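[1] Return atomic coordinates for the entry below.
(chains A and B)
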Amino acid sequence: MKEIKCECGHVNPIGTVLCESCGKPIEGNQHIDGNDKKRLLNMRYDGTARRSQTFNKTFIDKVWAFFSSVKVGVWLIVLALIASILGTIFPQEQYIPINAPNRDPAVFYEAQYGIFGLIYYQLGFHNLYSSVWYMILIALIGVSLVICSLDRFLPLYKALKIQKPKKHKTFLSRQRLYSESENVTDKELKLVKERLAKMRYNITEENGNLLAEKGRFSRWGPYVNHIGLIIILIAAILRMTPIFYFEEYVWVREGETTVIPGTDGEYYIENIDFIFDVHDDEKFSEVLEKEGMVPSNYQTDLIVYRADTPLPGAEPELKPILEDSVQMNKPLEFDKFTIYQSGYQLNEFSSMTFAIQEKDNEDNEFGSFTIDLTNPESEYELDNGFRVVIDQYYPDYYLDENGVPASETNYPRNPAFVFLVYPPDENAPEISFVGIGRNVDATGENNYKLGIQDFDMRDVSGLSVKYDRSLPFFGIGAAIFMIGVIQGMYWQHRRIWINPNNGKVLLAAHTNKNWFGIKKEIEIAIKDTNITMVEDQQELDKSS
Amino acid sequence: MDKAEAKKRKKRNRLIYRSIILAVMVGAIIFAIVSNLQEDKTIYRVGDQAPDFQLKQVNKNNDQETITLSELRGKGVMLNFWGTWCKPCEKEMPYMQELYPEYKEKGIEIVAVSLDNTELVVDRFIDKYGLTFPIPHDKTEEVRDLYKVGPIPSTFFISPEGEIVEIVNGALSLEKLEGSLNKILP
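    Numbering: from 1, shown residues only, chains lettered A, B, ... in the order given. From the prediction side, this is the model:
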């Protein structure tokens, strides 16, 4: 394939539509930009050659050409949209309800949703957003961004750099704004030139031909904002690696020390105290009476330990590395992690004290004992010879579907007991069922009953532990994106050509946006001169 | 001659630039995919070596004081995570106890890690079902985190060489249990 030499002498790359130097439409290539069908020239890329369209030899070139198509890019986005919608048809694996009969995905989807559920599971859609093919789809959009941008930016940059003030007559006459004028003096041209310069146009002159240009940098705006988007995409990819992102949630009860999940047993947190404050300032008293309780502070006083565990599950050796308070909106940092006060659970029972009483006369007591709900004993012996055995303990009591007592969770939120009370020197126990607000004598013949005398409660803190090193990258990407948007949208690229030709003065103008503005500026520049105001030739193409 | 050469060089340069750019992007994509899969490496899957741990054993019907997984090499291990409050866990316990004596002779060990907060409820449960296999107590849930166990019951069938042969989430039926135990016979 040969390169094209224009009649003005400039050699253009293959596929060029308008000569890079003088703008003359190159024969045989006008169909590329659709100029053969229109009266006005397509000025989107100044008629430069998008090389991928014409240079298609090797496999690499073919791949490049494929991705440089905006149509392909749009289709990729549409595909990503459809794929994302698919993931919302049935709940994703991590959102399978906790109380489903069987949470194994292999069983759940078919059981719950029938044949469609089975297909959904077998296609792997239950884990769609972290699947390889979804990631590849998003990555392909990124590839498309890069190649589309490069393929258009480089030729446009080169073309705008080497453009000359002298343009071919056809180029000028087929611009949207065009006028021909006669009897224009040199003095008038000089005046126009000065006025344009005052309006901050850069004037280039060559043999009497004028090019007044301003705002070229605005053309690069879209490419800058695409760079910003690419950076954001890179940040998103980086965030998928554990080096850049880590997040875990841990519940710690007051007084307990728990391992932070996901740290390989390296870190432990001890909850010293959970503090929950409400507003009680006098000045709010009226509002508070209406609204009730308004929280003012959620806080956990804690200690972070580093552990030297020989083996998971074995007794760790703990070294405190931080002792501080974390409050809601005031996170705590240690090593590479940040702790956030995230959730809480008030008033979990931690111990209960029972008194043995005469059944019909509560005031007659026979001693009491305290059960530590974190470590209840099997049997409690009182000094007066009474023995109480815990036959059953239900930390979170409820009656299941068969009416059988059971525990709903692992935590003492609603403790209930089946007690065997052995009076002194007796071998036959009395059976009592005791819970919160519940005291049942099964046989009806008991002499004794157990009354709740006292109890202790404790709170549970929900702490979120995380680090996210990708945030600065997102920030930079977003900032560059905004700069690109502003750069491209706030200013406009305006060019005015004034070429004397055979005694006439040809004036043509082009801008990428805001034609009204450039027309106004031309009016100002040519005021009171013999130069005719430009005609907006846009209508010529509209009628066709 | 010179012009043709210059053109050739230009074409070759273009090819090089495009190849490099494509190679960099493909490399980045592969890196991202591999990292994503690596992250799941901390989740132990079928084919991985089962990670070692050590826990206090609380079943009084069994005379082992602690259970260390690595010490069970040479035996097939059924590692079961459960809790007394969990209904499906309760359902499969009788089957486990039923098959235990027979398969213990054949070289299998059932290790049922309890996630309960208190030993008392575990003791009562053991009495109710007459369980004799070792029951380690994972009170701090550290071993649960190690195996990334989510909902329970969750069972890992481990070969005598320490490799995870099968992972079952959900209750096991008697037939399924026996089938899986047979897979890990030494």
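[2] and stretch A:39-50, average pLDDT?
    Averaged over stretch A:39-50, pLDDT sits at 87.
[3] Please disregard the earlier target; I meant stretch A:128-143.
    For stretch A:128-143, the per-residue pLDDT averages 86.
[4] repeat for stretch A:340-357
    For stretch A:340-357, mean pLDDT is 91.
[5] wait, does that stretch contact chain B?
    No: Stretch A:340-357 lies out of reach of chain B by CB under 8 Å from any CB of the partner chain, never closer than 10.5 Å. Any C-beta I mention is one placed from the backbone N, CA and C, and that applies to glycine too.
[6] Check the secondary structure at A:E247 for me.
    strand (DSSP: H, G, I helix; E, B strand; the rest coil).
[7] ok, it - contacts?
    In this structure, A:E247 makes contact with A:S464, A:V465, A:K466, A:D468, judged by CB atoms under 8 Å, 6 or more residues apart in numbering or on different chains.
[8] what sits opposite it in the beta ladder?
    With DSSP bridges applied, A:E247 shows beta-bridge pairing to A:K466.
[9] do you know how far it is from A:G484?
    31 Å (CB to CB, to the nearest Å).
[10] same check, this time on B:N61
    72 Å.
[11] Got a quick PyMOL command for the buried subset of the contacts of A:E247?
    Of the contacts of A:E247, the buried ones go into a single PyMOL selection, burial set by 16 or more other CB atoms under 10 Å in any protein chain shown:
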select buried, chain A and resi 464+465+466
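[12] follow-up on the earlier one: quick one, which of B:N61 and A:G484 is more surrounded?
    A:G484 (20 against 12; other CB atoms under 10 Å in any protein chain shown).
[13] A:Y398 reaches A:E408, doesn't it?
    Yes: using CB atoms under 8 Å, A:Y398 makes contact with A:E408 at a distance of 4.9 Å.
[14] need the contact list for residue 79.
    All of this refers to chain A. Contact analysis of A:L79 by CB under 8 Å, 6+ apart lists A:L137.
[15] Let me rephrase: I mean chain B.
    By CB under 8 Å, 6+ apart, the residues touching B:L79 are B:A50, B:L69, B:V111, B:V113, B:Y147, B:T155, B:F156, B:F157, B:I158.
[16] Could you measure from the spatially most central residue of chain B over to chain A?
    Nearest to the mean C-alpha position of chain B, counting by CA atoms, centre = their mean, stands B:Y44 at 4.7 Å. B:Y44 sits 12 Å away from chain A, going by CB to the nearest CB, to the nearest Å.
[17] element containing that residue?
    If you go by DSSP states H and E, B:Y44 is not part of any helix or strand.
[18] what's near enough to touch it?
    B:A50, B:P51, B:Y147, B:K148, B:F156, B:I164.
[19] mind redoing it with 10 Å?
    Applying CB atoms under 10 Å, 6 or more residues apart in numbering or on different chains, we find B:Y44 in contact with B:A50, B:P51, B:L146, B:Y147, B:K148, B:V149, B:F156, B:I164, B:I167.
[20] State whether A:P91 and A:Y121 are indeed in contact, as I suppose.
    No: A:P91 is not in contact with A:Y121 according to CB atoms under 10 Å; the separation is 11.7 Å.
[21] Compare those two (neighbour count), which wins?
    A:Y121 (20 against 16).
[22] how would you label residue 47: helix, strand or coil?
    Using chain A. Under three-state DSSP, A:G47 falls in the coil class.
[23] For the spatially closest residue to it that is not a sequence neighbour, name its beta-bridge partners.
    With sequence-adjacent residues excluded and distances taken as CB to CB, 6 or more residues apart in numbering or on different chains, A:G47 is closest to A:L18, at 2.7 Å. When assigned by DSSP bridges, A:L18 has beta-bridge partners A:P25.
[24] per-residue pLDDT, A:L18?
    In this model, A:L18 is scored at 91, pLDDT.
[25] residues contacting it?
    Contact partners of A:L18, counting by CB under 10 Å, 6+ apart, are A:6, A:12, A:24-26, A:29-30, A:33, A:35, A:41-43, A:45-49, A:159, A:167-168, A:170-171, A:174.
[26] cool, A:H226 as well?
    Neighbouring residues of A:H226 by CB under 10 Å, 6+ apart: A:L145, A:V146, A:C148, A:S149, A:L150, A:R152, A:F153, A:I480, A:F481, A:G484.
[27] and it, which of the three is it?
    helix.
[28] what's the distance between A:Y157 and chain B?
    For A:Y157 relative to chain B (CB to the nearest CB), the value is 15 Å.
[29] Also A:T204?
    28 Å.
[30] Now name the helix or strand holding that residue.
    Since the elements are taken from DSSP H and E, A:T204 ends up inside strand A:202-206.
[31] So in that sheet, which strands flank the following helix or strand past that strand, and in what orientation?
    Downstream of strand A:202-206, the next assigned helix or strand under DSSP H and E is strand A:209-214. Strand pairing for strand A:209-214, using DSSP bridges, gives strand A:202-206 (antiparallel), strand A:494-501 (antiparallel).
[32] Name the stretch from the ones you listed that approaches A:T532 most closely.
    Taking CB to CB, strand A:494-501 is the member of the strands paired with strand A:209-214 nearest to A:T532, at 12.0 Å.
[33] roughly how far is that closest one from the heart of the chain?
    The chain centre lies 48 Å from the centre of strand A:494-501; the measure is CA atoms, centre = their mean, to the nearest Å.
[34] Which positions in that strand come out as buried?
    Buried residues in strand A:494-501, counted by 16+ other CB under 10 Å: A:R494, A:R495, A:I496, A:W497, A:I498, A:N499, A:P500.
[35] Kindly report the same for stretch B:92-109.
    B:E92, B:M93, B:Y95, B:M96, B:Q97, B:L99, B:Y100, B:Y103, B:I108, B:E109.
[36] Any idea how many residues pack against A:Y95?
    Using other CB under 10 Å, A:Y95 has 9 neighbouring residues.
[37] hey, where'd the strands end up in chain B?
    Listed in chain order, the strands of chain B (DSSP state E) span B:54-56, B:66-68, B:76-82, B:108-114, B:154-158, B:164-169.
[38] circling back to that earlier point, kindly reformat the strands paired with strand A:209-214 as CSV containing distance to A:L189 and mean pLDDT.
    As requested, the strands paired with strand A:209-214 are exported to CSV (distance: least, CB to CB, whole Å; pLDDT from 0 to 100):
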stretch, distance to A:L189, mean pLDDT
strand A:202-206, 10, 94
strand A:494-501, 7, 94
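[39] Take these and write them to TSV, including distance to A:A235.
    Formatted as TSV, the strands paired with strand A:209-214 follow (distance: least, CB to CB, whole Å):
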stretch	distance to A:A235
strand A:202-206	37
strand A:494-501	36
